[in-house]
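Enquirer: below are the sequence and a predicted model; questions follow.
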Amino acid sequence: MKLDKRSRDLRKMIVKMLQAGGRGHVGSALSLVEILRVLYDDVLRFDAGNPRWPQRDRCVLSKGHGCLALYAILADKKFFSETELLKFSKTDGLLGGHPEIKVPGVEASTGSLGHGLPIGVGLAINARYERADHRVFVIVGDGECNEGSVWEAALCAGKHRLSNLTVVVDYNKHQSYATTFEVQDLEPFADKWKAFGFGVQEIDGHNIEELRHAFTRLPIEDQKPSVVICHTVKGKGISRAENNLHWHHKNKVTEEEIQSLFEELEVG
């Protein structure tokens, strides 16, 4: 699928951070761009000028190593200045290699995989207790779903029928050193979530209209938590990075390589 200008521009922001910081989980961020774009453009209720606004929807990036994509969209939405992107991984900057709650717009410090969904379940239960109408979205990676804490949290979400909770799976089918099928096969993946009491939908995670359709019609089933399984491509939008495990985390990128990435994103 050909990327439109907005998707390419967000990826350019990711490349700028790679250039500035000299490192980053590039492939893991590029598969997330459209998911985050649609959530922040069309779905989430937030106030960038007041990031802790009580009525905001909560969005937790559990796969915290994909934070370059989150930083790009938060800067785009004016949670902080785009100049911060050029300080990525610098001692005088705000943005580190994993998201921290000190960053405006970040709901939880993540990076130790398997923690985001338990946090999200707690947020959803608390919202119900307070009779608040905000929703909770948790973005998890497929490799992250090897963690038992993910499934413990899913059991709890199903038990409490947390219809205000949506799990979004970035199912790019690769993790740090091999495919998910080689490391720990998740299939039948959708059936597992159904068995844990979730309403389930599978979509193309780079198709803007499919994402909008899914995210604006929640919950998927009444009185159940939802999971949207987004089939994505790791490294999407940069040909040399797509499905290439060498780009899971990248460092020592030359200036010539950086310029070639910008050039590719110019033409889509």
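Expert: Looks like it arrived, so ask away.
Enquirer: contact partners of the longest helix belonging to the chain?
Expert: Longest helix in the chain by number of residues, with DSSP state H as the criterion: helix 5-21. Outside helix 5-21, the residues that touch it by C-beta atoms under 8 Å, 6 or more residues apart in numbering are 3, 24, 26, 29-30, 33-34, 37, 68-69, 71-73, 75-76, 82, 85-90, 95, 206, 208, 237-238, 250, 253, 255, 258, 261-262, 265-266, 268. (C-beta placed from N, C-alpha, C; glycine too.)
Enquirer: make a ChimeraX selection of the buried ones in those.
Expert: Listed next is the ChimeraX selection for buried residues among the contacts of helix 5-21, using 16 or more other C-beta atoms under 10 Å:
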select :3,24,26,29,30,33,34,37,68,69,71,72,73,75,76,85,87,88,95,206,208,237,238,250,253,261,265
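Enquirer: show me the contacts of helix 5-21 that map onto strands.
Expert: Secondary structure from DSSP state E places 24, 250 of the contacts of helix 5-21 in strands.
Enquirer: next, count neighbours for residue 151.
Expert: Close neighbours of residue 151, defined as other C-beta atoms under 10 Å, add up to 16.
Enquirer: tell me how far the residue nearest to it when sequence neighbours are not counted lies from residue 159.
Expert: Spatial nearest neighbour of residue 151, excluding adjacent residues (C-beta to C-beta, 6 or more residues apart in numbering): residue 196 at 7.0 Å. Using C-beta to C-beta, to the nearest Å, residue 196 is found at 9 Å from residue 159.
Enquirer: still on that earlier bit, so the residue nearest to residue 151 is in contact with residue 155, correct?
Expert: Yes - applying C-beta atoms under 8 Å as the test, residue 196 and residue 155 come out as touching, 5.9 Å apart.
Enquirer: so the two - more neighbours on which side?
Expert: residue 196 (20 against 14).
Enquirer: that concludes my questions; thank you for your assistance.
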